[in-house]
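*Asks:* Mind looking at a prediction? Sequence and model below.
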Amino acid sequence: MRLLRTLRIMNQGQPEVQLSALRLKYHERKDAFLEENIKIKNPFCIFRDWLELALKTPEILEPNAAALATVNPQGKPSNRFVLVKEATAEGFTFFTNYGSRKADDILENPNVAISFYWMPLRRSVRIEGVAEKIPKADSLKYFHERPRASQIGAIASPQSRRIPSRGYLDELEAGIKAQLGPEEEVPLPNWGGYLVRPNLIEFWQGQTDRLHDRIRFRRGQGVQTEVDGKLIHGGEDGWIYERLAP
């Protein structure tokens, strides 16, 4: 009720927004995401196919944008969007300031979760796994592939730390530009990549009748003993999979 009252205030003079009435049309039953249609029972192969379709969908401007969830030592979760820059059979890589809140959380608890949502496709992918820093040489290589302005911005921003104003950042940036000049190579700051090695990948596809499709893949020590051929099935490359109720 409090949220609805807030919406009424925000929309003074305009038709009232009722969140409970918002309802998109999703997939029809004939387009259900079925196990028998998965040619290779490996979640990386499915993710690659879904990502390729997202890349070809004009309405999806940043198909590599994903929400990253971390947990601090006190057990409090934090969530923010990052851009996944690589997705391979090893896992999913993103880059950040190693002094940021997310990096502090990962240092204490490397268990993280990533969620992609491609709304025009009515599809989502949830990933759970363990984050680890990638080799410094790989971070350095990618850092210098970024636009020069982005490189300087990474140095200028003490990510997640308190600053007095926007002008403070502008002054830091101007000072760095003056120091480096137009040609000098930008040095790598306390910044780099994390590889998230997944132990769980879940694929969700929305259905108009709300009987959404959810197929979850898992791997790890002992999971193969769970396979019963009814609820839990053996996949490829050490993965098992199961269908979840929506």
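*Replies:* Everything's here; your move.
*Asks:* What is the longest helix anywhere in the chain packed up against?
*Replies:* If you go by DSSP state H, the chain has its longest helix at helix 166-180. If contacts are counted by 3 or more C-beta pairs under 8 Å, 6 or more residues apart in numbering; DSSP states H and E, helix 166-180 sits against helix 148-156. Placement of C-beta: from N, CA and C, glycine included.
*Asks:* Now do the helix it packs on: distance to the chain's middle.
*Replies:* On the basis of C-alpha atoms, centre = their mean, to the nearest Å, helix 148-156 is displaced by 22 Å from the centre of the chain it belongs to.
*Asks:* Now it - C-alpha only, PDB.
*Replies:* Provided in PDB are the C-alpha atoms of helix 148-156 (Å, rounded to 0.1, in the frame of the first residue of the first chain):
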ATOM      1  CA  ARG A 148      41.500   5.700 -23.200                       C
ATOM      2  CA  ALA A 149      38.800   7.700 -21.400                       C
ATOM      3  CA  SER A 150      37.600   4.600 -19.700                       C
ATOM      4  CA  GLN A 151      41.200   3.700 -18.700                       C
ATOM      5  CA  ILE A 152      41.600   7.100 -17.100                       C
ATOM      6  CA  GLY A 153      38.200   6.900 -15.500                       C
ATOM      7  CA  ALA A 154      39.300   3.700 -13.800                       C
ATOM      8  CA  ILE A 155      42.200   5.500 -12.200                       C
ATOM      9  CA  ALA A 156      40.200   8.600 -11.300                       C
END
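*Asks:* What average pLDDT does it get?
*Replies:* Average pLDDT, helix 148-156: 96.
*Asks:* returning to what we had before: show the subsequent helix or strand relative to the longest helix of the chain.
*Replies:* Sequence order places strand 191-205 as the next helix or strand after helix 166-180, per DSSP states H and E.
*Asks:* Tell me which other helices or strands that following strand touches.
*Replies:* Packing partners of strand 191-205 (3+ C-beta pairs under 8 Å, 6+ apart): helix 43-55, strand 92-97, strand 123-133, helix 136-143, strand 213-218.
*Asks:* returning to what we had before: pull out the C-alpha coordinates of the longest helix of the chain and format them as CSV.
*Replies:* As requested, the backbone C-alpha atoms of helix 166-180 are provided in CSV (Å, rounded to 0.1, in the frame of the first residue of the first chain):
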residue,chain,number,x,y,z
ARG,A,166,31.0,15.2,-8.8
GLY,A,167,33.5,18.1,-9.3
TYR,A,168,36.0,16.1,-7.2
LEU,A,169,36.0,13.3,-9.8
ASP,A,170,36.4,15.9,-12.6
GLU,A,171,39.4,17.4,-10.9
LEU,A,172,41.0,13.9,-10.4
GLU,A,173,40.4,13.1,-14.1
ALA,A,174,41.8,16.4,-15.3
GLY,A,175,44.9,15.9,-13.2
ILE,A,176,45.5,12.5,-14.5
LYS,A,177,45.1,13.6,-18.1
ALA,A,178,47.6,16.5,-17.5
GLN,A,179,50.1,14.1,-15.9
LEU,A,180,49.9,11.5,-18.7
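*Asks:* relative orientation of that helix and helix 148-156 in degrees?
*Replies:* 110 degrees (axes from the mean of the first three to the mean of the last three C-alpha atoms, to 10 degrees).
*Asks:* Show residues contacting helix 166-180.
*Replies:* 152-153, 155-157, 163, 186 (C-beta atoms under 8 Å, 6 or more residues apart in numbering).
*Asks:* Quick check: the farthest pair among the residues you listed?
*Replies:* Largest separation among these by C-beta to C-beta: Ile163 and Val186, giving 20.7 Å.
*Asks:* quick one on the thing from earlier: I'd like to know which of the helices and strands packed on strand 191-205 is closest to Leu68.
*Replies:* Checking those against Leu68 by C-beta to C-beta gives strand 92-97 as the closest, at 6.8 Å.
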